Structure formats: structure tokens, C-alpha cells
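Student: attaching a predicted model along with its sequence, questions to come.
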Amino acid sequence: MTDELPEITEPLVIPHAQLAAETLDRVIESFVLREGTDYGDHSYSLADKVLHVRAQLDAGDAELFFDPATETIDIRPAARRSRAQRNA
């Protein structure tokens, strides 16, 4: 019997509340600064964009994902699961 852990290949949901506030802010800043992030016809400051994304994470409308294959973090719309499943 080996003590090796199975290789994880699928993106993992990372509970954002488990990250330090400063770390979460940097992850969100990186996300909103990516080219192609579109907020429509309105112009928002970086701070406004960070607050908007954080509100989506707090409401359960968005989730953090870690992709072990690329070692990157992304923020995506939350999967259509119950709030109890998301908080598990």
C-alpha cells in the first residue's frame, strides 16, 4: 500500500472566505485587470471592480477555482448548486 495522493486534474473550488483578506484582494485585482474583462459602457475604478467581484463571491454568485494543470486561479460564475452544498 502506498501513501501517494491521487493526482488532481480537475479545477478545485477554493472557498474564498478561507483566504486572508489581502490575498483575496490581490486575486480579485489580478482577475479584474485581465485584458478582456468587460463591465459594459460604464467606467469603474479598480477599487469599485474589486468590491463588485467580492460582493459576487460573498453572495455565492461567483467562486474561486484553482486549476492544478496550469497552476492558475480563476473566478467564475457559481455552479448551480444549493447554498448548503456551496458552504459544505
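Tutor: Received, thanks. Numbering: from 1, shown residues only.

Student: element containing residue 65, please.
Tutor: Assigned by DSSP states H and E, residue 65 belongs to strand 62-67.

Student: that strand: how far from the chain's middle?
Tutor: Here the centre of strand 62-67 is set off from its chain's centre by 4 Å, with C-alpha atoms, centre = their mean, to the nearest Å.

Student: surely residue 9 meets residue 70?
Tutor: No: counting by C-beta atoms under 8 Å, residue 9 stays clear of residue 70, with 11.0 Å between them. All C-beta spots, glycine's among them, are computed from the backbone N, C-alpha and C.

Student: distance of the residue most central in space within the chain relative to residue 11?
Tutor: What sits nearest the mean C-alpha location of the chain, by C-alpha atoms, centre = their mean, is residue 64, with 2.1 Å. Here residue 64 is placed at a distance of 10 Å from residue 11 (C-beta to C-beta, to the nearest Å).
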